[in-house]
Every structure is written in C-alpha cells, then in structure tokens.
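1. got a sequence here, can you build the structure:
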Amino acid sequence: MQNYIKDVEKTLKNGDFKLTHRRKAVLGVLWDNKDKHLSAEEVYNLVKEKEPDVGLATVYRTLELFSGFGIVCSMDFGDGRMRYECIDSKNEGHHHHHIICLKCGKILEMAEDLLDDLEARVSRELSFKVLDHQLKIFGHCSECK
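-> As a prediction, this is how the structure comes out:
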C-alpha cells in the first residue's frame, strides 16, 4: 500500500495536485476494498467512518480527480451508479472483465483478458491504437438462474 500511495502522490504532484488527508482516506478505502466495486456513496460511507467531517461532494470530486489521472477506473454496470476500483500501476490497463448478475447484482471478475486477439485485429486492420477496453457480460449467476 505504501508504494501505491507514493505512486499516486507522484502522479498527482505531476499534475499540480496534492494527496490531501481526505484524498488519502478515499484512496485507502478503495485499496482496502479492491475486491469490490464501490459506488461513490459506498466510498463516502466507509470514509466517513474514519473521517467524520468529509462531505459527499469531496468524495465525488476525489473520485473524478483519481479517474482523470488513471488512479481509479470508473465503470457503469447498468444499475444507475458508477462503480470504482483501484488501478494498480503494476497491472496497468485492462486486466479483467466483469460478469454481472441482473437479478441479485453480484459482480464477478474474470482475470483472463478475452479481447487480446480482437484488439490486435482492430489495431492491424483499422490502424487504430487501442488504449483500453471494458467487457461486461450480463446474465444470471448460479444462485439466481
């Protein structure tokens, strides 16, 4: 975690921003919940436990800032909320896909990147530089089907 914080601090500093105490609290919540896909409200509630004076607007602004710098990834799983997860500098880019249950809302991750061949084809045939992609598969989990 300490190396991750240093990387984030350097990234923000290069963009003329600081890693304030409250931004660090937001980052800590995301890091501690790497296996989850938290909404801004969920991040806010968890940060508020440690930093009672933090406001929801601060959390939204911080998530937007982090997203703009590639520190977090924001995703829309079709439930009306953006979800956030840390992007570890060691695992830059697209490293997993998401499987979403339409009944219970469970989100599973698939570590295998299924689109490498498609990216290479798009790059080669369309002379297009692919920077990232997201694959979301919607259906029913084993408990809901």
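2. what number of residues lie near Ala25?
-> Using other Cβ atoms under 10 Å, Ala25 has 21 neighbouring residues. To be clear about C-beta, it is placed using only N, CA and C from the backbone, and glycine gets the same treatment.
3. quick check: the gap between it and Gln134.
-> To Gln134, Ala25 is 27 Å away according to Cβ to Cβ, to the nearest Å.
4. likewise Val72?
-> The gap separating Val72 from Gln134 is 14 Å, by Cβ to Cβ.
5. neighbour count winner among the two?
-> Under the criterion of other Cβ under 10 Å, the comparison of Val72 against Gln134 puts Val72 first, with 24 against 12.
6. now do the contacts for that one.
-> Residues in contact with Val72, defined by Cβ atoms under 8 Å, 6 or more residues apart in numbering, are 30, 63, 66, 84-87.
7. out of those residues, which are inside strands?
-> 84-86 (DSSP state E).
8. now do the domain split for the protein, please.
-> 1-92, 93-145 (automatic domain parsing).
9. wait, Leu108 touches Phe77, no?
-> No: the pair Leu108 / Phe77 is not scored as a contact, 11.3 Å apart, by Cβ atoms under 8 Å.
10. which neighbours do these two have in common?
-> By Cβ under 8 Å, 6+ apart, the residues touching both Leu108 and Phe77 are 98, 100.
11. I appreciate the help and will end here.
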